[in-house]
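Q: for reference, the sequence and a predicted model appear below.
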Amino acid sequence: MSNIVELECLCGVVKGNIKVVHGSFFHVHCLCCDCQKFASHLNNKENILDEHGGSELFQTYPELMKVTEGQDKISAIQLKDKGIYRWHTTCCNMPIANTLSSAKIPFIGVSVKLMKFSNEQEKLNTLGPVTLKAFGKYSIGEMPNDVHSKFPLSFMPKIIGFMLKGIFGKRNSPSPFFNGKETVAKVEVLSKGKVN
Ligand SMILES: [Zn+2]
Ligand SMILES: [Zn+2]
């Protein structure tokens, strides 16, 4: 079963779509400090984070996502020089997706804020409930009961299975963020060296 969901940034300049394939995604809330730093860097926390500082992500394979408009309004940062690439729009400072720094890795974490649903029910029918809420130790205010304090190790086998399926199926490419090995835009590193 698969569904195509339209993607659109806040101001409507960057558009695309993503295929939701049953068994090929995780629907997560990430409360980690890096996702919060990214939202602060974009100076747009109110449009990105929930009340606990969480970011809602749809993690899937790069080949399932397309950017159809506004490619020139896409940029990326790394919080640290070994960190993941955090892609965002430059028109309205919204996160688009996270990728690894290598184009070979079949993983993309798309901001659910960009996914267009007519209502909550349609969203629930398409994405299902949230699979994992992680890094609650960074939550703003009291940590909600349904959030894991860190990343639960019990979730690792699922991630490994997902990655293996992606590697064997070559699902890393095409990617909206890489042409071959090269990124589609220059990636700005916010801080060099070992910084915590
Ligand atoms: Zn925009
Ligand atoms: Zn995070």
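A: On my side now, so go ahead. Ligands and ions are numbered 1, 2, ... in the order given.

Q: from now on I want contacts and neighbour counts done on CA atoms only, so please keep to that.
A: Noted.

Q: excluding its backbone neighbours, what's nearest the most centrally placed residue in the chain?
A: In the chain, the residue lying closest to the centroid (C-alpha atoms, centre = their mean) is G109, at 2.6 Å. What sits nearest to G109 in space, not counting adjacent residues and going by C-alpha to C-alpha, 6 or more residues apart in numbering, is Q59, at 4.1 Å.

Q: parallel or antiparallel, list what pairs with the helix or strand hosting that neighbour.
A: Using DSSP states H and E, Q59 maps to strand 55-60. Using DSSP bridges, the strands paired with strand 55-60 are strand 26-30 (antiparallel), strand 108-111 (antiparallel).

Q: report whether it contacts ligand 2.
A: No - residues of strand 55-60 are not located near ligand 2 by C-alpha under 5 Å from the ion, the shortest gap being 7.0 Å.

Q: picking that back up, so which of the strands paired with strand 55-60 comes closest to ligand 1?
A: strand 108-111 (13.3 Å; C-alpha to the ion).

Q: what's the next secondary structure element after the closest one?
A: Following strand 108-111 toward the C-terminus (DSSP H and E): helix 120-127.

Q: buried ones in that following helix?
A: Within helix 120-127, the residues scored as buried using 16 or more other C-alpha atoms under 10 Å are 123, 126-127.

Q: the residue nearest to G109 and ligand 1, how far apart?
A: 21 Å (C-alpha to the ion, to the nearest Å).

Q: for that residue, list each beta-bridge partner.
A: F26, G109.

Q: so which of the strands paired with strand 55-60 is the most packed in?
A: strand 108-111 (a mean of 24; mean count of other C-alpha atoms under 10 Å).

Q: right, and the residue nearest to G109 touches F25 too?
A: Yes - at 5.3 Å, Q59 counts as touching F25 under the criterion of C-alpha atoms under 8 Å.
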